[in-house]
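Visitor: Below is the structure, and that's it, no one-letter string:
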């Protein structure tokens with residue numbers, strides 16, 4: 001199994017460097033299994049949003065395409081799926097991944113009032129205000 005860096009995925013998704021995008025896509029197709037770490041997905045969302053001005057809808061489409069690729073394995077798939085669901089419903093992706101990774105049996109403490117409000121609106125786990 002091969003783990004990939006964010007830049008490999010960015011090349012494929014954005015096709016901003018056609019040569020590297022083709023090399024990256026060919027490389028991934030040739031792998032039996034490809035591992036996507038949660039941290040890579042976290043960075044990928046940030047790069048697509050901030051660097052490439054992708055909308056949440058475009059980011060979600062990219063995530064779904066990656067996750068549904070036959071040879072891709074995602075770290076902590078349940079937490080990532082939950083985070084993507086909350087992101088789709090309006091929560092910041094980093095926040096959603098942090099809260100989802102904490103799991104349903106733990107509360108998530110934060111000073112972030114906006115996170116607390118969105119979590120409450122969505123009925124997301126337990127967030128503790130500091």
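Guide: Structure received. Note that this is a predicted model, so its numbers are computed, not measured. Numbering: from 1, shown residues only.
Visitor: Starting from the lowest-mean-pLDDT helix or strand in the chain, tell me which strands it pairs with and how they run.
Guide: Lowest by mean pLDDT, DSSP states H and E among the helices and strands of the chain is strand 126-129, with a mean of 74. When pairs are called by DSSP bridges, strand 126-129 turns out to pair with strand 107-110 (parallel).
Visitor: Quick check: buried residues in the strand it pairs with?
Guide: 108, 110 (16 or more other CB atoms under 10 Å). To be clear about C-beta, it is placed using only N, CA and C from the backbone, and glycine gets the same treatment.
Visitor: try stretch 102-115
Guide: So stretch 102-115, judged by 16+ other CB under 10 Å, has buried residues 102, 108, 110, 112, 115.
Visitor: With stretch 77-94 instead?
Guide: 79, 80, 82, 83, 84, 86, 87, 88, 91, 92, 93.
Visitor: What lies in contact with the one helix or strand the first one maps to?
Guide: Per DSSP states H and E, residue 79 falls inside helix 77-88. If you take CB atoms under 8 Å, 6 or more residues apart in numbering as the criterion, helix 77-88 is touched by 38, 41, 45, 56, 59-60, 63-64, 67, 74, 93, 96-97, 99-101, 103, 122, 124.
Visitor: Nothing else from me, thank you.
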